[in-house]
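Novice: Pasting the sequence and the predicted model now:
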Amino acid sequence: MRFHYPELLHGGDYNPEQWMEQKDTIWKEDMRYAREAGINTLSVGIFSWSYLEPEDGVYDFSWMDEVMDNLAANGIKAVLATPSGARPPWLAKKYPSVLRMTENRLPNLYGGRHNACYSSPDYERKVQEINTRLAERYKDHPALLMWHVSNEYNNDCHCPRCQERFREWLKARYGTIENLNRCWWNGFWSHRFTCFEEIESPSSIGESVNPALLLSWRRFSTDNLVRFIHTETEPLRRITPDVPVTANLMHTFPGLDYFKVGQAIDVSSWDNYPAWTGDARDLAVSLETAFKHDLMRGVCDQKPFLMMESSPSAVNWHTINPLRKPGTILYQGLQAIAHGSDSVQYFQFRAGRGGSEQYHGAVIDRTGTANTRTFREVAEVGSALKKLRAISGSETRNEVALLYDWNVRWALDDAWMLHRGNQKYEETVLSFHTALSKLGYGVDIVDETCDLSRYRVLVAPMAYMMREGFGEKLKAFVSGGGTLVTTYVSGWVNEELLTYMDADPSPLQELTGVHVDECDALDDVTFGHFSWKGHRYRVKEVAELVTPLTATPLASYTDRFYACKPCFTVNDFGEGSCYYLGARTDADFLHDMLKYVMNEEGVWPLLDDLPDGVTVTARYQGEKRFLFAMNAAMDEKTIELPDAMHEVMTDKLCYEHCAVPPLSIRVLRDEE
Ligand code: GLA
Ligand code: ZN
């Protein structure tokens with residue numbers, strides 16, 4: 001289901017149950033402030049279970065009715081949450097199975113929030129019951145816009161029920177114990193299981209090093225959560241089939257394969273808390289945030305997503321929580337829109353007086369007034385989003401895709417080789433994303449299961465683990481005219497983590513046209529070098545010794561015992577080409593190399609010659625194109641436009657040059 005609302009959404013988490021005794025004052029004031037700040041949506045009910053069901057089976061929706069009615073009366077839409085992110089104490093006491101067990105097999109005590117067992121039949125039943133009631137009660141309510149299921153679903157549980165489900169999952173995947181033993185290489189260390197019942201989840205008091213067990217457990221934990229999401233959403237889908245469902249995700253959170261979670265919801269949404277510094281380091285913060293936005297759009301088929309949470313000022317949980325310098329909140333909001341979000345939402349609307357998040361930024365802070373810089377800046381975002389309303393629902397149409405795959409990440413996290421525990425997969429993918437962004441390309445992030453047919457270029461760094469059929473998919477992509485850029489540590493293991501008994505990158509040998517003979521791990525004082533097109537570049541951390549089969553070497557190492565061995569090659573394959581980079585380099589080479597590849601292949605950036613600090617993205621509404629020029633630097637930059645464009649906020653025409661002030665975003669549209 002595709003979500004669409006005719007405006008960009010502006011709002012955030014609203015927890016009025018913290019002010020149950022001040023309904024006549026604070027609740028009323030909240031609505032007035034929300035209107036003043038240009039807020040058109042509030043997310044309610046996220047942590048409301050103990051007010052909605054104060055005792056087992058005793059429900060009280062009267063206060064929520066009032067909240068929903070207040071929202072409707074003020075023209076505010078509700079992102080209505082199911083309360084499963086946190087439980088009331090009575091529930092844990094009466095149904096202890098709802099609590100998780102640690103990997104050391106100790107049951108958790110009640111406390112905190114995101115700590116439920118997703119295999120507990122009691123929890124499934126209680127969640128379904130309350131969700132059914134919520135859906136029945138509000139199905140026709142004019143405020144209801146969308147379902148927000150739970151909160152930041154995360155992590156695993158090692159209780160006996162989860163173990164049982166894990167074994168069922170293993171049986172379904174492997175069929176027989178002999179097959180599992182073969183796939184997990186259990187002939188080593190005498191680890192051959194005789195039946196599935198002997199298998200336990202990974203633990204530091206048990207098995208913690210077999211990579212196949214670790215990967216299976218991570219895959220199972222995602223599948224078990226997805227199963228829980230289906231249980232949780234079943235009443236919502238049945239009773240309100242036209243109301244879309246979202247779950248707020250956490251960008252590169254290692255515990256879940258979000259590409260799978262994305263298939264269980266209609267709209268992706270995520271919680272964005274960058275560590276803005278207010279100085280030149282914000283450029284790096286902005287580039288990393290851009291990567292996360294693109295990833296969060298990618299996990300739900302590149303559809304418009306929501307920035308469900310962000311802080312309207314400082315957060316409270318970083319180690320140091322600096323203020324946001326003026327303009328940062330607008331930049332943070334418009335950057336989300338630029339990358340495909342249809343919303344700017346905050347945590348939270350009004351700060352509580354106590355509790356663990358009392359000092360977290362809020363639209364209405366602890367002064368309880370609108371007379372704050374934060375409020376004024378939020379209201380400024382509200383006015384900006386009104387002017388940009390034509391953008392809502394528009395899509396991205398990027399020609400360049402970048403591979404980020406949770407299975408690869410997991411496999412590398414657990415791989416004992418090269419830099420154990422620090423293979424830098426995420427950092428490496430981010431470094432390619434940054435290079436592409438700085439060159440002026442919009443980027444889609446995909447995993448090995450995604451459709452590649454809409455792209456002209458795929459950049460796939462460190463594609464260490466190849467799932468069944470992925471090698472063939474890449475071949476089809478390139479032979480059909482696509483360009484693949486891949487790197488060191490690609491194609492080493494199959495989806496069971498078994499090596500191929502052949503030189504790497506075994507499934508990609510034909511495509512890359514190279515053999516990798518050896519792979520070196522460099523420490524942080526050892527570097528290699530190579531020259532290319534008159535420049536000398538540095539090699540760090542990983543260097544492969546490559547023999548070309550059919551590939552043409554483009555650059556070779558100049559030092560160490562592998563001097564003269566190629567480290568950058570190209571291979572023609574069918575209608576397309578495959579570039580292979582055998583070494584980890586600094587950002588300068590990624591920039592120069594990708595510029596060269598794009599030029600060779602005729603894939604043009606959205607804007608040429610961007611000044612340092614500026615990135616650009618595009619969204620399309622039918623024939624209409626919106627360009628977002630983002631300057632994350634601390635000084636003004638000027639971009640060159642090939643044609644005159646309108647600045648959407650001011651409706652002024654920009655000819656040839658357009659100035660972008662420090663830490664700000666220009667939204668442009670083509671002249672009609
Ligand atoms: C997360 C949670 C919110 C809140 C914020 C604070 O994203 O979803 O409930 O705790 O962090 O930054
Ligand atoms: Zn469990």
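Specialist: Everything's here; your move. Ligands and ions are numbered 1, 2, ... in the order given.
Novice: switch to C-alpha atoms for all contacts and neighbour counts from now on
Specialist: Fine.
Novice: count of neighbours near the closest residue to residue 167 other than its chain neighbours?
Specialist: Spatial nearest neighbour of residue 167, excluding adjacent residues (Cα to Cα, 6 or more residues apart in numbering): residue 196 at 6.0 Å. By other Cα atoms under 10 Å, the residues close to residue 196 number 16.
Novice: okay but residue 585 is in contact with residue 539, surely?
Specialist: Yes - taking contacts as Cα atoms under 8 Å, residue 585 lies within contact range of residue 539: 4.7 Å.
Novice: Report the contact partners of residue 77.
Specialist: Residues in contact with residue 77 (Cα atoms under 8 Å, 6 or more residues apart in numbering) are 40, 41, 42, 71, 142, 143, 144, 145.
Novice: redo that, cut-off 10 Å
Specialist: Shown in contact with residue 77 (Cα atoms under 10 Å, 6 or more residues apart in numbering): 9-11, 39-43, 68, 71, 142-146.
Novice: what does residue 142 give?
Specialist: Contact partners of residue 142, counting by Cα under 10 Å, 6+ apart, are 68, 69, 71, 72, 73, 75, 76, 77, 78.
Novice: Equivalent analysis for residue 118, please.
Specialist: Residue 118 touches 97-100, 124, 153-157, 161-162, 221, 224-229, 231, counting by Cα under 10 Å, 6+ apart.
Novice: Next step: these restricted to helices.
Specialist: Using DSSP state H, the subset of the contacts of residue 118 located in helices is 124, 161, 162, 221, 224, 225, 226, 227, 228, 229, 231.
Novice: Per-residue confidence, the nearest residue to the third one once chain neighbours are set aside, what does it come out as?
Specialist: Just to be clear, that refers to residue 162. In this structure, residue 162 finds its nearest non-sequential neighbour in residue 119, 5.8 Å apart by Cα to Cα, 6+ apart. We have a pLDDT of 98 for residue 119.
Novice: what does residue 533 give?
Specialist: 97.
Novice: Check the burial of it by counting its neighbours.
Specialist: With other Cα under 10 Å as criterion, residue 533 counts 8.
Novice: Would you check that it makes contact with residue 556?
Specialist: No - with contacts counted by Cα atoms under 10 Å, residue 533 stays clear of residue 556, the gap being 11.5 Å.
Novice: right, and residue 110 touches residue 95 too?
Specialist: No - at 11.1 Å, residue 110 does not count as touching residue 95 under the criterion of Cα under 10 Å.
Novice: between these two, what contacts are shared?
Specialist: residue 89.
Novice: Show me which of those two is the more surrounded one.
Specialist: residue 110 (19 against 15).
Novice: For that one, which three-state class applies?
Specialist: Here residue 110 is recorded as coil under DSSP: H, G, I helix; E, B strand; the rest coil.
Novice: Quick check: pLDDT value at it.
Specialist: Residue 110 carries a pLDDT value of 96.
Novice: Around the nearest residue to residue 90 once chain neighbours are set aside, how many other residues sit close by?
Specialist: Spatially, and ignoring its direct neighbours in sequence, residue 90 is nearest to residue 55 (7.1 Å; Cα to Cα, 6+ apart). Neighbour count of residue 55, defined by other Cα under 10 Å: 15.
Novice: Ok, residue 472 next?
Specialist: Residues lying near residue 472 (other Cα under 10 Å) number 13.
Novice: Surely it is within a strand?
Specialist: No - per three-state DSSP, residue 472 lies outside any strand segment and is helix.
Novice: ok, it to ligand 1 distance?
Specialist: According to Cα to the nearest ligand atom, to the nearest Å, residue 472 and ligand 1 sit 39 Å apart.
Novice: need the contact list for the residue lying closest to residue 647 once chain neighbours are set aside.
Specialist: Spatial nearest neighbour of residue 647, excluding adjacent residues (Cα to Cα, 6+ apart): residue 668 at 4.5 Å. The neighbours of residue 668, taking Cα under 10 Å, 6+ apart as the test, are 618, 625-629, 644-654, 658.
Novice: Which parts of the stretch 201-350 of the chain are strands?
Specialist: Taking DSSP state E, counting those that start in this stretch as the test, the strands found in the stretch 201-350 of the chain are 245-249, 267-272, 306-310, 343-346.
Novice: Quick one: the ones you listed as a markdown table, columns for mean neighbour count too.
Specialist: Formatted as a markdown table, the strands of the stretch 201-350 of the chain follow (neighbours: other Cα atoms under 10 Å):
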| stretch | mean neighbour count |
| --- | --- |
| strand 245-249 | 24 |
| strand 267-272 | 26 |
| strand 306-310 | 26 |
| strand 343-346 | 28 |
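Novice: Dump these to a markdown table, plus mean pLDDT and distance to residue 574.
Specialist: Shown next, in a markdown table, are the strands of the stretch 201-350 of the chain (pLDDT from 0 to 100; distance: least, Cα to Cα, whole Å):
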| stretch | mean pLDDT | distance to residue 574 |
| --- | --- | --- |
| strand 245-249 | 98 | 39 |
| strand 267-272 | 98 | 36 |
| strand 306-310 | 98 | 40 |
| strand 343-346 | 98 | 43 |
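Novice: which one of the ones you listed lies closest to ligand 2?
Specialist: Closest to ligand 2 of the strands of the stretch 201-350 of the chain is strand 245-249 (Cα to the ion; 20.8 Å).
Novice: how far is that closest one from where the chain is centred?
Specialist: In terms of Cα atoms, centre = their mean, to the nearest Å, the centre of strand 245-249 is found 12 Å from the chain centre.
Novice: Spatially nearest residue to the residue sitting nearest the centre point of the chain (excluding sequence neighbours)?
Specialist: For the chain, the residue nearest the mean C-alpha position is residue 251 (2.9 Å; Cα atoms, centre = their mean). Distances taken as Cα to Cα, 6+ apart place residue 292 nearest to residue 251, at 5.6 Å, with adjacent residues excluded.
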